[in-house]
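# Sequence first, predicted model second:
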Amino acid sequence: MKIKHQLAIFNALTRLLVILILWLMLPILVQNVVYRHINNGLIEKKKKFIDHLNRKEIDDFIENEDNNTETYSQFSTLHSEFLVLSKSTIKPTQKQTTFSNEYRIIEGEENEYRILKHCFSYENENYQLEIGSSLSEVNDLTFIIRFFIIIVFVVILFITFLADTFYIEYLLKPFYRIIDTKIRRVNEPEAFDHTPIKAASRDFRELDFVLNQMMDRIAELFKKEKQFISNVSHELLTPIALLKNKLENLLQNESLDDIAVDKIAGSLKTLDMLKKIINNLLLISRIENNQYEANEEIHLKEIVCDLYEDLQDRIEDRKIVFTNTMQHDFTFRGNKTLIHILIYNLVTNAIKYNKTDGSITISDGFLQDYYFVQISDSGIGMDNSQLEKIFNRFARINSDQDGQGLGLAIASSIAVFHHIQITVESKMNEGSIFRLLFPIAN
């Protein structure tokens, strides 16, 4: 998941948490405000009642209450308010005025009320005054507030999520431009674009500046490495050539016995192997340093036909049946010599690890946006652990076979240089399938 999506989701979750807290707390705050308002109203009504209280009014309330215990002394037409006065005993620890929420039945209808209870004495007698205000409207208001909050907050959450997504994408544009132009598209230090990236954020400008400095250092190291490789190639190949000449001259000496001749011949063979290893390593280094041109038009079918002629003797010695079923004359732009080495190494690998009286089949075709050349053999095959390291340098499938373990490493370097994909399928004792995928757009 990209960082812009993570930031947008984080902001949305944070807002959602705030909305949830407000959704839970706001009705409580509203209730407190409403209760305070109702309490103030009840206190005002209590004050007016007490101020205008007389004996006749007390007798009327008490008489009405004694007549029917289910009927309050006074209540409004819609049952939104009531007032009750009754005789009571006042305890020493009892508060004079209290507020509570209770359910009361008025004319068979039960409602919840906010009730003020006030205890007082009048003419040496104790009374309790109850003034109630219906809470049905408050509960309805609380429900409406909750519902309204949900709608408003969902809209706010959606709008802010979109705003965050676009704004974060705007802020991160320089970051993705750096990745696209200065990292993803750069295959060699010489192709690095040092043009500063325009960014409003100081962090991205600093990142761009540091990347430019880093690539300058890498380019300098690459330059030194190329120079080192060139020097090493001359320094190593020259003494090898001198030793080889001296040993070949020694072989011309007729006084040498057979044992000495065998030792000199073995040394010459070792020098040839060392020279081949150095040349292969130099080849890999030159490929990876892009020291080859890739502007030739290559006919892959022609290269495979030429390979068969070069390897015909080796194929016949192993009694291998070689079959070329290529049907398409696909052309590819690259370096002809390197492509020849690539296919040559894969075919020689199929010969080397094949069975006597085995088979090698080369076919081609199109797969989605790629043209493929497939090399199948009936050889010894490989297990998963071997497949993971076959393209590593000096990796050998079978220690009994000759070779330095550089053939597939060279093939991999050439494939990367030409943007060719190599896929491998193999089963033990059944054979292997190497498939080269050439991009059609090339």
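Yep, that arrived.
# Okay, strands next: where are they in the stretch 101-250 of the chain?
Counting by DSSP state E, counting those that start in this stretch, the stretch 101-250 of the chain has strands at residues 109-122, 125-134.
# Identify, out of the ones you listed, the most deeply packed stretch.
Stretch with highest mean neighbour count among the strands of the stretch 101-250 of the chain: strand 125-134 (a mean of 19; mean count of other CB atoms under 10 Å). To be clear about C-beta, it is placed using only N, CA and C from the backbone, and glycine gets the same treatment.
# Excluding sequence neighbours, find me the nearest residue to I422.
In space, and not counting its chain neighbours, I422 is closest to A415: 5.1 Å by CB to CB, 6 or more residues apart in numbering.
# Least confident secondary structure element in this structure?
For the chain, counting by mean pLDDT, DSSP states H and E, strand 74-75 ranks last in confidence among helices and strands (a mean of 56).
# ok, back up a step: between the strands of the stretch 101-250 of the chain, which gets nearest to S86?
S86 sits nearest to strand 125-134 of all the strands of the stretch 101-250 of the chain, at 5.4 Å, using CB to CB.
# Strand 109-122 and that closest one, what's the angle between them?
150 degrees (axes from the mean of the first three to the mean of the last three CA atoms, to 10 degrees).
# What about S100, how many residues nearby?
The tally of other residues near S100 (other CB atoms under 10 Å) stands at 11.
# Return the residues in contact with it.
R114, I115, K117 (CB atoms under 8 Å, 6 or more residues apart in numbering).
# try 6 Å this time
Contacts for S100 (CB atoms under 6 Å, 6 or more residues apart in numbering) come out as I115.
# likewise E430?
Counting by CB under 6 Å, 6+ apart, E430 has contacts G381.
# any idea how far I380 is from it?
Distance of E430 to I380, computed by CB to CB, to the nearest Å: 9 Å.
# V321 now?
Taking CB to CB, one finds V321 at 17 Å from I380.
# who's more crowded, these two?
I380 (19 against 11).
# Does that one fall in a helix, a strand, or a coil region?
Using DSSP: H, G, I helix; E, B strand; the rest coil, the structure places I380 in coil.
# Give me the phi and psi angles of the closest residue in space to it that isn't next to it in sequence.
In space, and not counting its chain neighbours, I380 is closest to Y353: 5.4 Å by CB to CB, 6+ apart. Backbone torsions of Y353, given as degrees, to the nearest 10, read phi -100, psi 20.
# Y353 - how many residues pack around it?
20.
# my guess is it meets G379, correct?
Yes. Using CB atoms under 6 Å, Y353 is in contact with G379, at 4.3 Å.
# would you turn the strands of the stretch 101-250 of the chain into JSON lines with mean pLDDT and distance to N245?
Shown next, in JSON lines, are those (pLDDT from 0 to 100; distance: least, CB to CB, whole Å):
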{"stretch": "strand 109-122", "mean pLDDT": "85", "distance to N245": "113"}
{"stretch": "strand 125-134", "mean pLDDT": "85", "distance to N245": "117"}
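# Could you give the number of residues near the residue nearest to R15 when sequence neighbours are not counted?
Spatial nearest neighbour of R15, excluding adjacent residues (CB to CB, 6+ apart): L157 at 5.6 Å. For L157, the neighbour count with other CB under 10 Å is 17.
# same question, the one 5 residues further on
Summarising burial for L162: neighbours were counted as other CB under 10 Å, giving 11.
# Kindly report the same for L24.
Neighbourhood size, L24 [other CB under 10 Å]: 11.
# any idea which helix or strand carries it?
Element membership for L24 (DSSP states H and E) is helix 3-51.
# again, but for S426
Following DSSP H and E, one finds S426 within strand 421-427.
# likewise N345?
helix 336-352.
# what comes into contact with that helix?
Outside helix 336-352, the residues that touch it by CB under 6 Å, 6+ apart are 296, 298, 303, 307, 314, 360, 375, 377, 401, 407, 410-411, 414, 434.
# Now with 8 Å, please.
So helix 336-352 is contacted by 283, 287, 292, 296, 298, 300, 303-304, 306-307, 310-311, 314-315, 318, 320, 332, 360, 362, 373, 375-377, 379, 401-403, 407-408, 410-411, 414-415, 417-418, 420, 432, 434, 436 (CB under 8 Å, 6+ apart).
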